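Novice: task: produce atomic coordinates for the following.
(one chain, ligands or ions: 1)
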Amino acid sequence: MRNAAGFGGVRGESAASAYGLPSVERAVLLLARFPGVGRKSAQRMVHYLLRQGRGEVEQLLVALQNLAEQVSECRICHNLAEGEECWICVDPRRDPQQLCVIEEAMDLLAVEKAATFQGRYHVLGGRLNPLAGIGPEQLHLHSLEERLQTGTVQELIIATNPTVEGEATAHYVAQLAAPWVERVTRLAYGMPMGGELEYLDESTLYQALAGRRPF
Ligand SMILES: [Zn+2]
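Specialist: Okay, here's the model as predicted:
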């Protein structure tokens, strides 16, 4: 109830709509489109920028312009890249025999954080979702098949998300890869580290049990 008492958010919100400043309103509207950012956070960002002054705003402008002009898609794996190929594809230390298939470039950062995978990646650019009009043609499956056809990849690790669409995508990719690679594997399902059995949802526990391995 802090807001109702007149703290921060509520006061800021009513003030913003009363500004009558189209430039402020426009910036708030644009920032509020960002994932996870609501109108209130967008207002805070705008206030922050206005307080920081012109220098900060100009730095941000340059950064955004560089982002738009210089960042594109790696021609091999579809990860983000500045230039033709991404930092993983140009790294000779990455093992070309292991290829990890992920839905989005952001997932690559998550896998990299684990710091145990030394292979390469292929970013699908989404997952199969017929209801939303996303079929195989909309994903980077053709370029995946081309990579597999070279015969370099021995293990294909499917790391799509454990959702209905992610599972369907995993099955599709597994079938596509089967003729070309020695092994197709899927990330294990299971208990989160530090988790407790009684708090696990049924399907996670079911998958963890089904995927048990010798101790
Ligand atoms: Zn790449």
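Novice: confidence score at the closest residue to residue 28 other than its chain neighbours?
Specialist: Closest residue to residue 28 apart from its sequence neighbours, by C-beta to C-beta, 6 or more residues apart in numbering: residue 42 at 4.6 Å. Every residue, glycine included, has its C-beta placed from N, CA and C. pLDDT, residue 42: 95.
Novice: surely residue 42 is in contact with residue 26?
Specialist: No - counting by C-beta atoms under 8 Å, residue 42 sits too far from residue 26 to count as a contact (10.9 Å).
Novice: between these two, who's got more neighbours?
Specialist: Taking other C-beta atoms under 10 Å, residue 42 and residue 26 do not tie; residue 42 has more neighbours (19 against 11).
Novice: returning to that earlier point: quick one, what contacts the residue nearest to residue 28?
Specialist: 27, 28, 29, 30, 31, 32, 34 (C-beta atoms under 8 Å, 6 or more residues apart in numbering).
Novice: got the CA coordinates for the helix or strand hosting residue 49 in CSV?
Specialist: Per DSSP states H and E: residue 49 is located in helix 39-52. Provided in CSV are the C-alpha atoms of helix 39-52 (Å, rounded to 0.1, in the frame of the first residue of the first chain):
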residue,chain,number,x,y,z
ARG,A,39,5.2,2.4,-17.7
LYS,A,40,6.4,3.2,-14.2
SER,A,41,9.9,1.8,-14.9
ALA,A,42,9.9,3.7,-18.2
GLN,A,43,9.2,6.9,-16.4
ARG,A,44,12.0,6.3,-14.0
MET,A,45,14.4,5.7,-16.9
VAL,A,46,13.4,9.0,-18.6
HIS,A,47,13.8,10.9,-15.3
TYR,A,48,17.2,9.3,-14.9
LEU,A,49,18.3,10.3,-18.4
LEU,A,50,17.0,13.8,-18.0
ARG,A,51,18.9,14.1,-14.7
GLN,A,52,22.1,12.7,-16.2
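Novice: all good on my end, thank you.
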